[in-house]
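J.: let me see the structure of the following:
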Amino acid sequence: MGLMGFLRNKAGVILTAAMAIAILAFLLGDVVRGGAPFWARHQNRVGEVNGTEIEYPAFSQQVEQAEEMFKQQMGGAVTPQMRTYAVQQVWNQFLSREILRKEIEKIGLTVGSKELNDLVQGPNPSAQIVQAFTDPQTGQFNRGQLSTFISQINTAGNQAMADQWETLLEGVKEERLSSKYGELLSNSVYVTSLEANEEYQERNKLANFKYILLDYASVKDAEAKVTDADFQEYYNEHKNMFRTQEETRAIQYVTVDAKPLAKDSLAVKETINKLKQDLIVAKDDSLFASINSDNKYPFTYMKKGQLSPSLDSVVFNVAAGTTVGPFLSNGAYEIAKVVSTVVGPDSVKASHILLDATAEGGVDKAFAKADSIKGLIQKGDNFAALAVQFSNDPGSKANGGELGTFTRGRMLPEFEKAVFEGKTGDIKVVKTQYGVHIIKIEKQIGTAKYAKVAIIDKVINSGKETLNNAHSKATAFLSAATAQNFAQEAKKLGLEARTASRVTAMDNVLDGTEAPRDLIKWAFEAKKGDISDKVFETETSYILASLVDVQPKGVLSLDAVKKDIEPAVKNKVKAKVLKERFAKALAGASSIDQVAQKVGKSAIHVENVVFANPVIPGVALENAVVGTVFGLQPNKPSKAIEGNTGVYVVQVNGFTNPSAISDINAQKKQMLAAKAQRAWGSIFRALQDKAEIIDNRVKFF
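T.: You can find the predicted model right below:
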């Protein structure tokens with residue numbers, strides 16, 4: 001029996017007979033109550049919101065499903081960026097669901113089965129459904145693909161596909177519940193007539209005024225010494241600006257470039273030229289391309305605009321059997337063999353009746369039945385009624401067998417060949433892996449030249465020598481660097497040490513530069529002052545790092561933001577100098593022109609400025625300045641006003657009041673729409689601020 005089992009079985013004896021070791025009994029009591037010691041609890045916890053946990057297996061499964069969805073939409077393999085998006089999407093869904101769950105339960109909101117079905121297959125499907133079934137080639141929502149997917153779930157017995165669909169449906173329901181909740185909140189917002197009149201005035205009352213600007217650049221740094229007290233004062237006044245929702249860390253790092261050199265490019269070009277000679281004589285073009293290409297391209301009919309620009313410009317102008325290239329495209333050399341060409345429709349609208357060959361007693365019997373059904377259709381029987389009666393595709397039979405409109409590359413090859421090479425009105429009988437289909441070509445749309453192309457590309461990667469040289473440089477730096485001399489040692493090797501100030505746990509970049517996830521993980525496990533004991537790798541570089549600061553969730557410290565606020569603090573100090581200059585000039589002055597003369601400037605005249613758009617023409621956005629203008633009496637110079645660009649003095653010449661508002665209800669309606677739109681975001685942020693959130697994703701991803 002293992003230790004845990006022994007403790008569970010003997011816990012009562014231990015707790016009654018071992019009172020002399022009370023501390024141990026306390027710890028063991030935790031085992032008895034929870035089934036695992038406190039130090040082992042939550043080790044698989046990815047996160048927690050308001051007491052509800054999500055553990056790694058469940059979270060990881062949802063991430064994999066999201067990755068698969070991205071993969072289907074974008075094509076190709078799952079990239080680190082796609083994985084990051086997937087993790088963030090699943091986390092956001094978890095946050096949203098748990099933050100809103102209690103609020104939604106309080107008021108009894110639900111999504112009924114009819115409502116859910118409408119969100120999936122109705123005239124206005126959910127945004128998540130549209131996103132999941134948008135054709136990446138056309139950018140259009142593909143109802144046929146949706147119907148096919150639903151059909152495959154019901155017939156293929158693929159559990160992974162079924163789980164993926166269930167997750168998508170849960171997301172659709174959650175999105176709808178959130179939308180309902182948001183609509184309730186938005187409908188609680190209102191606008192008064194007083195607010196509508198005020199808004200109208202702010203957008204239509206015109207101010208004509210003069211201003212003098214003494215800009216901050218006119219004061220030399222030596223004339224405005226910045227002290228610690230100045231930093232502290234600015235920090236205290238703007239604390240709310242420095243609040244963060246999660247812990248951040250400052251990472252000092254050095255990047256050693258390992259990008260391919262000209263000799264690496266030449267080597268790849270030689271390789272692709274050899275492959276071209278082999279592709280010319282290859283017997284199985286698609287297999288040869290699949291084996292030898294770095295990126296696997298679909299072997300299907302393509303039309304102009306679907307290939308890289310270089311291939312696109314030649315493929316449709318050469319005869320079948322021609323091999324073209326190599327061309328340099330997006331960091332890779334590519335060649336292509338045009339296997340066949342055809343002129344045909346861009347898309348097809350079709351319906352089908354699917355027969356299960358096994359249920360019919362074999363393929364031959366299924367074909368015989370299909371031919372009988374085809375005969376009935378050709379004699380005038382209703383296709384939709386026959387689909388409802390005979391089709392084994394639940395995803396389409398309810399709609400009379402309709403598959404919608406689809407482009408090339410969306411259906412199985414045998415099915416696609418039948419509908420794109422046939423003509424409108426044809427009834428075709430075709431066998432696929434799903435059974436025997438009776439297909440009706442409802443409509444063929446558009447026409448273009450298509451080419452079936454076997455494509456091979458070779459990505460230009462850094463050669464062994466290039467990588468070795470860069471790695472040696474990185475290793476030399478790693479051997480010499482410490483947290484104290486990090487920047488100096490980098491400089492000796494001709495490298496530059498940079499600092500990414502506020503990196504979050506789920507970032508995958510450092511100041512816009514790609515960063516491997518293991519570097520970020522290291523930084524969130526390290527202590528302040530630690531230097532990495534390994535070289536981190538990306539596809540084109542080696543990175544070395546040192547953790548220089550840890551900034552907890554909440555209001556950042558002055559030290560953490562000091563570098564960021566330094567320009568603003570300098571301007572604040574310069575403003576004091578400029579205000580003193582204006583104070584002397586304003587003494588005894590009765591007009592802005594007199595003030596201008598004293599400071600050696602000209603007063604600039606401005607017309608038609610409105611409160612709602614506080615821009616000084618040709619200068620900058622100046623809220624404080626324009627706000628002051630609308631509170632002044634005409635023909636009197638103002639006091640000095642601290643702005644974004646410098647310090648101002650203004651004098652109003654006069655205001656032009658607008659005519660009375662013509663339709664206050666229209667004004668209120670417009671304002672209400674804007675308010676309602678903002679309300680939902682503000683309320684969710686408030687709920688998020690109040691929520692107890694634990695985010696451990698960095699331990700797992």
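
J.: from now on I want contacts and neighbour counts done on CA atoms only, so please keep to that.
T.: Noted.

J.: which parts of the stretch 101-250 of the chain are helices?
T.: For the stretch 101-250 of the chain, helices defined by DSSP state H, counting those that start in this stretch occupy the ranges 113-121, 127-132, 143-156, 159-186, 193-204, 228-237.

J.: lowest average pLDDT across the ones you listed?
T.: Ranked by mean pLDDT, these bottom out at helix 143-156, with a mean of 79.

J.: Ile592 and Ala603 touch, don't they?
T.: Yes. Assessed by C-alpha atoms under 8 Å, Ile592 is found in contact with Ala603 at 6.9 Å.

J.: more neighbours, those two?
T.: For Ile592 and Ala603, the more surrounded residue by other C-alpha atoms under 10 Å is Ile592, and the numbers stand at 25 against 20.

J.: phi, psi of the closest residue to the more buried one other than its chain neighbours?
T.: Spatial nearest neighbour of Ile592, excluding adjacent residues (C-alpha to C-alpha, 6 or more residues apart in numbering): Pro637 at 5.3 Å. With angles defined as degrees, to the nearest 10, Pro637 sits at phi -70, psi 140.

J.: Provide a list of residues in contact with Pro637.
T.: By C-alpha atoms under 8 Å, 6 or more residues apart in numbering, the contact set of Pro637 is Ser590, Ser591, Ile592, Val649, Val650, Gln651, Val652.

J.: repeat that for Lys102.
T.: Under the criterion of C-alpha under 8 Å, 6+ apart, Lys102 has no contact partners.

J.: and the pLDDT for it?
T.: 82.

J.: separation between it and Ser178?
T.: In this view, Lys102 and Ser178 are 12 Å apart by C-alpha to C-alpha, to the nearest Å.

J.: please apply the same query to His605.
T.: To Ser178, His605 is 51 Å away according to C-alpha to C-alpha.

J.: the more surrounded of the two?
T.: Each of His605 and Ser178 has its neighbours counted (other C-alpha under 10 Å); Ser178 has more, 19 against 14.

J.: any weak-confidence spans in the stretch 351-500 of the chain?
T.: For the stretch 351-500 of the chain, no stretch has pLDDT under 70.

J.: in it, which spans are strands?
T.: Secondary structure of the stretch 351-500 of the chain by DSSP state E, counting those that start in this stretch: the strands cover 402-407, 427-432, 435-445, 448-459, 497-504.

J.: neighbours around Glu223, how many?
T.: By other C-alpha under 10 Å, 10 other residues sit near Glu223.

J.: what does Gly321 give?
T.: Neighbour count for Gly321, taken as other C-alpha under 10 Å: 14.

J.: also Lys274?
T.: Neighbours of Lys274 using other C-alpha under 10 Å come to 10.

J.: can you list the buried residues in stretch 559-574?
T.: Ala560, Val569, Lys570, Asn571, Lys572, Val573, Lys574 (16 or more other C-alpha atoms under 10 Å).

J.: ok, now stretch 465-478?
T.: By neighbour count on 16+ other C-alpha under 10 Å, the buried set for stretch 465-478 is Thr466, Leu467, Ala470, His471, Lys473, Ala474, Thr475, Phe477, Leu478.

J.: likewise for stretch 272-291?
T.: Those would be Ile272, Asn273, Leu275, Lys276, Leu279, Asp285, Ser286, Phe288, Ala289, Ser290, for stretch 272-291 by 16+ other C-alpha under 10 Å.

J.: out of the strands of the stretch 351-500 of the chain, deepest packed?
T.: strand 448-459 (a mean of 23; mean count of other C-alpha atoms under 10 Å).

J.: in its sheet, what does that one sit against?
T.: strand 301-303 (antiparallel), strand 332-344 (antiparallel) (DSSP bridges).

J.: which other residues reach that strand?
T.: For strand 448-459, contacts defined as C-alpha under 8 Å, 6+ apart pick out 268, 272, 285-286, 289-290, 292-297, 299-304, 315-316, 331-346.

J.: Asp356 versus the residue nearest to Val342 when sequence neighbours are not counted, what's the distance?
T.: Residue nearest to Val342 in three dimensions, not counting chain neighbours: Tyr450, with 5.2 Å by C-alpha to C-alpha, 6+ apart. In this view, Tyr450 and Asp356 are 33 Å apart by C-alpha to C-alpha.

J.: ditto for Lys699
T.: 48 Å.

J.: neighbour count winner among the two?
T.: The residue with more neighbours, out of Lys699 and Asp356, is Asp356; 20 against 15, by other C-alpha under 10 Å.

J.: isn't that one up against Tyr434?
T.: Yes. At 7.2 Å, Asp356 counts as touching Tyr434 under the criterion of C-alpha under 8 Å.

J.: now name the helix or strand holding the residue most central in space within the chain.
T.: The centroid of the chain falls nearest to Tyr85 when counting by C-alpha atoms, centre = their mean (5.7 Å). Taking DSSP states H and E as the criterion, Tyr85 maps to helix 80-107.

J.: closest to Pro260 out of the strands of the stretch 351-500 of the chain?
T.: Evaluated over those, closeness to Pro260 peaks at strand 448-459, with 10.3 Å, by C-alpha to C-alpha.

J.: using CSV, write down the CA coordinates of the closest one.
T.: Only the C-alpha atoms of strand 448-459 are listed here, as CSV (Å, rounded to 0.1, in the frame of the first residue of the first chain):
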residue,chain,number,x,y,z
ALA,A,448,-12.1,30.9,-64.9
LYS,A,449,-9.0,29.0,-66.0
TYR,A,450,-7.8,26.6,-63.3
ALA,A,451,-4.4,24.7,-63.1
LYS,A,452,-3.6,21.7,-61.0
VAL,A,453,0.0,22.4,-59.8
ALA,A,454,2.6,20.4,-58.0
ILE,A,455,4.6,22.9,-55.9
ILE,A,456,7.9,22.4,-54.2
ASP,A,457,9.5,25.1,-52.0
LYS,A,458,12.8,25.2,-50.1
VAL,A,459,13.0,27.7,-47.2
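
J.: which of the strands of the stretch 351-500 of the chain sits closest to Val226?
T.: Using C-alpha to C-alpha, these put strand 497-504 closest to Val226, at 22.2 Å.

J.: remind me what the closest one packs against, helices and strands.
T.: strand 248-257, helix 486-492 (3 or more C-alpha pairs under 8 Å, 6 or more residues apart in numbering; DSSP states H and E).

J.: helix or strand right after that strand?
T.: By DSSP H and E, the next helix or strand past strand 497-504 is strand 509-510.

J.: name the strands paired with that following strand and say parallel or antiparallel.
T.: Strand 509-510 is paired, per DSSP bridges, with strand 513-514 (antiparallel).

J.: so after the strand it pairs with, what's the next helix or strand?
T.: Counting by DSSP H and E, the next helix or strand C-terminal to strand 513-514 is helix 517-525.

J.: and Val219, how far from Val573?
T.: Val219 is 10 Å from Val573, by C-alpha to C-alpha.
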